[in-house]
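*Asks:* Task: produce atomic coordinates for the following.
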Amino acid sequence: AESSPGTDFGPQVREMFRVAACGGDDPIPDRFPARSVVAHCRDMAEIYASYKKAWVDPARAFIAGLRPKDLPRVVVYPFGGGDLSSALAVYPDATELTTISLEAAGDIRAIDTITKAQLATDLDTIMTDIRRLYHAAHSTTKSLQEASHSVLPGTIMMALAGLAVHGYEPTSLRYFDIEEDGSLRYLTNDELDARAAEFAASKRGTKAPKKITHYWYEQVSAFANVEIKFHPRGDAKAPLRTYRHIVANLD
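*Replies:* You can find the predicted model right below:
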């Protein structure tokens, strides 16, 4: 149930999809360094092609022979970080996918103000993590948490890369809270600003809690849970699918 539509950050997620995840061939916005983006996307295209040939295509074919035909279309995929790519390979017919991990989604609005220098740094960091994930066919908590602390939201970037690999594109992005009754409450831009300011003032989420038994911990962020609507690339009439990422410690 939706109690509030919240703020839709569709323009931001589509821009990040083009510039960082290299999905599609829309013109590169003038404020971004075209040469750097083109070089980055050339490398990403090679990573995607290698990953599809070495893992996605054979895995999809193999799993298709094992997957029951009457599975539900709603899937919860825990313990994989924001690895939407693997989830789509296993459940290609799912209309609603939810990943759960320790990592917060991050602030998609960073794409509006990121500097050229910071963009180059974050693209290199995230590309390295995606290459490691796609070559090893698994992700590590260390890599996921490092990427989630970049200015560009690394967890969202992982999801956008998964959409690019499987031929989808995002249409909208909203942040949400989960209410006591299980319904979702979508957050407005003003609410996110107020929450981020509150966290900054109290220094919540800036360092590891004192009482933990290991280094990895559930991240605290104003931009924790995210919902992305998507459809097949170039097919605006296709039914929308839903991807959600939720921060939770399942230990």
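*Asks:* Setting the sequence-adjacent residues aside, check what's closest to residue 77.
*Replies:* Residue nearest to residue 77 in three dimensions, not counting chain neighbours: residue 87, with 4.3 Å by Cβ to Cβ, 6 or more residues apart in numbering. For glycine as for every other residue, the C-beta is placed from the backbone atoms N, C-alpha and C.
*Asks:* Could you double-check that the one you found sits in contact with residue 75?
*Replies:* Yes. At 6.8 Å, residue 87 counts as touching residue 75 under the criterion of Cβ atoms under 8 Å.
*Asks:* so what's in contact with the two at the same time?
*Replies:* 94, 97 (Cβ atoms under 8 Å, 6 or more residues apart in numbering).
*Asks:* Neighbour count for the two, which is higher?
*Replies:* Ranked by neighbour count (other Cβ atoms under 10 Å), residue 87 and residue 75 place residue 87 first, with 22 against 17.
*Asks:* and that one, what does it touch?
*Replies:* 75, 77, 80, 94, 97, 99, 162.
*Asks:* Which secondary structure elements does the helix or strand that the first one is a member of sit against?
*Replies:* What that stands for is residue 75. Taking DSSP states H and E as the definition, one finds residue 75 inside strand 74-78. For strand 74-78, the packing partners by 3 or more Cβ pairs under 8 Å, 6 or more residues apart in numbering; DSSP states H and E come out as helix 84-90, strand 96-101.
*Asks:* now these as JSON lines including mean pLDDT?
*Replies:* Shown next, in JSON lines, are those (pLDDT from 0 to 100):
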{"stretch": "helix 84-90", "mean pLDDT": "92"}
{"stretch": "strand 96-101", "mean pLDDT": "94"}
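*Asks:* For the strand ranked longest in the chain, list every residue counted as buried.
*Replies:* Longest strand of the chain, by residue count under DSSP state E: strand 168-178. Residues 168-177 are the ones in strand 168-178 that count as buried (16 or more other Cβ atoms under 10 Å).
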